[in-house]
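Peer 1: Below are the sequence and a predicted model; questions follow.
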Amino acid sequence: MLLNAMKVEVVSVSFRDKEADAVVSIAPKEGGAGLKMNYALIAEGGKWVVKPGPAKPHGNAAAPTGELPAGHPPAPPQGEKPKGHP
């Protein structure tokens, strides 16, 4: 990822004593889909640092369940190709 091509913005921060939660938006400067990342922070040595812990690739969002969204057409069983596709 080229950082000079990305727009990084702090969306929100909520503070609790020596801890904080931050939401950061990362998107291409030229437009297009971006993502939001959640960070747990802790005050150490006069500065805020990312709190060590297990990675949360989906932030605080629920992990994928494998189920299709409501209204999505049914998918063929794993290993089969959809009808009409080579």
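Peer 2: Thanks, I have the structure now.
Peer 1: so what's residue 20 up against?
Peer 2: When contacts are counted by C-beta atoms under 8 Å, 6 or more residues apart in numbering, residue 20 touches 13, 14, 40, 41, 42, 43, 48. Backbone N, C-alpha and C define where each C-beta goes, glycine included.
Peer 1: try residue 10
Peer 2: 22, 23, 24, 25.
Peer 1: which residues of the protein score low on pLDDT?
Peer 2: Scanning the chain for pLDDT under 70 picks out the ranges 1, 54-69, 72, 76-86.
Peer 1: which stretches of it form helices?
Peer 2: With DSSP state H, there are no helices along the chain.
Peer 1: Pick out whichever of the contacts of residue 10 sits closest to residue 3.
Peer 2: Nearest to residue 3 among the contacts of residue 10, counting by C-beta to C-beta, is residue 24 at 12.9 Å.
Peer 1: Correct me if wrong: that closest one contacts residue 35.
Peer 2: No: taking contacts as C-beta atoms under 8 Å, residue 24 lies outside contact range of residue 35: 9.3 Å.
Peer 1: Those two - which one has more neighbours?
Peer 2: residue 24 (16 against 10; other C-beta atoms under 10 Å).
Peer 1: in the sheet, who's paired with the more buried one?
Peer 2: Applying DSSP bridges to residue 24 gives these bridge partners: residue 10, residue 37.
Peer 1: going forward can the numbers begin at 22, since that is how I track them
Peer 2: All set: I'll call the first residue 22, so the last point we hit is now residue 45.
Peer 1: any idea how far residue 72 is from it?
Peer 2: 14 Å (C-beta to C-beta, to the nearest Å).
Peer 1: And stretch 30-50, end to end?
Peer 2: 11 Å (C-alpha to C-alpha, to the nearest Å).
Peer 1: before we move on, back to that, Produce a ChimeraX select command limited to the buried residues of the contacts of residue 31.
Peer 2: The buried residues among the contacts of residue 31 can be selected in ChimeraX (16 or more other C-beta atoms under 10 Å) with this line:
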select :43,44,45
